[in-house]
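*Asks:* My questions are about this predicted structure, shown below with the sequence.
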Amino acid sequence: MSAPPQAPDPQPALIELQDASRSVRLPDDSLLTILAGVNLTVQSGEHIGIVGRSGTGKSTLLNLLGLLDRPSDGAMLWAGTPVQRLSGRAAARIRGRDIGFVFQQFNLLPGRTALENVAAPLLYATGREFRRRKDIAAAMLDRLGLGHRLDELPTNLSGGEQQRVAIARALVRGPRVVLADEPTGALDVETGRMVMGMLDEATRESGSALITITHDPAIAMMAGRRFRLAGGRLHPGEAGHPGGSLHPAACGNAGVANAEEGA
Ligand SMILES: Nc1ncnc2c1ncn2[C@@H]1O[C@H](COP(=O)(O)OP(=O)(O)OP(=O)(O)O)[C@@H](O)[C@H]1O
Ligand SMILES: [Mg+2]
């Protein structure tokens, strides 16, 4: 007799990596394992910081979390759905609507104004969101202190201002998670911390989860939970800043790393 069907988890985690690995086949036919046996549970609204030296697989991990790539082994679930079951089109839809990306080099469209850059993701929206895209983009830029620079081209903006435009663009569709790959890497220390503070606050206000990958332990300390990536594995770090943005939703997380949090 077959087992009765299990009731679906009423509130699955936003993202779950279960023993996930990522390896690539090199030209000499050897296998390079970049990530091995990674377990990570990301709850809605929580902030996670990941530190690691260059080449430890940080961007590879972020590509998995952002549905740009899939694990070679193990599983990844997005809101309870195994990513293997998502078509390319479904993954693209989730990326456009639910995931915001912030990169080290800002990646703004060079010939477009700040307003046009931030409104760009809303070109894929529908209804009111599409019609009111310029107002929505302007309000988001205003929230990041750039309400007076709407019509500037990126070349006329400082690095810190460009990154704030990129953050506004990442947040403009109200994503469920923002993935930031070295968001302060191209900024001086003081500007980096200011911009990171804005990213932290804006995601907290919007209830988006935030996963920040950084070389800077001080930046990672702003997160509620921290990890260190080394040897292809994700190691739990000490808990983040006491005033950090650990959301109540994240507190009951039974993720592997949580078990060791606060060490
Ligand atoms: N498609 C690929 N083919 C071969 N090697 C790869 C591939 N993708 C990544 N790697 C290698 O895997 C390792 C991890 O790469 P990744 O870009 O994830 O590192 P990273 O931690 O983001 O580094 P950085 O801090 O310099 O950005 C590197 O040694 C890289 O050269
Ligand atoms: Mg990288």
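*Replies:* Cool, the structure landed. Ligands and ions are numbered 1, 2, ... in the order given.
*Asks:* and the helix ranked longest in the chain, what does it pack onto?
*Replies:* As assigned by DSSP state H, the longest helix anywhere in the chain is helix 189-206. Packing partners of helix 189-206 (3 or more Cβ pairs under 8 Å, 6 or more residues apart in numbering; DSSP states H and E): strand 47-51, helix 159-171, strand 177-181, strand 209-214, helix 217-220. Backbone N, C-alpha and C define where each C-beta goes, glycine included.
*Asks:* gap between the second one and the chain center?
*Replies:* Just to be clear, that refers to helix 159-171. 14 Å (Cα atoms, centre = their mean, to the nearest Å).
*Asks:* list the helices and strands that helix packs on?
*Replies:* strand 99-103, helix 114-119, helix 133-143, strand 177-181, helix 189-206.
*Asks:* just the angle between it and strand 209-214, please?
*Replies:* 140 degrees (axes from the mean of the first three to the mean of the last three Cα atoms, to 10 degrees).
*Asks:* Contacts for helix 159-171, please.
*Replies:* Here helix 159-171 makes contact (Cβ atoms under 8 Å, 6 or more residues apart in numbering) with 100-103, 106-108, 114, 117-118, 120-121, 137, 140-141, 143-146, 149, 154, 157, 178, 180, 183-184, 186-187, 191-192, 194-195, 198-199, 202-203, 206, 208.
*Asks:* check contacts around the nearest residue to residue 58 once chain neighbours are set aside.
*Replies:* Counting by Cβ to Cβ, 6 or more residues apart in numbering, residue 213 is the residue found nearest to residue 58 once chain neighbours are left out, at 4.5 Å. The neighbours of residue 213, taking Cβ under 8 Å, 6+ apart as the test, are 50, 51, 52, 58, 59, 61, 62, 179, 180, 181, 182.
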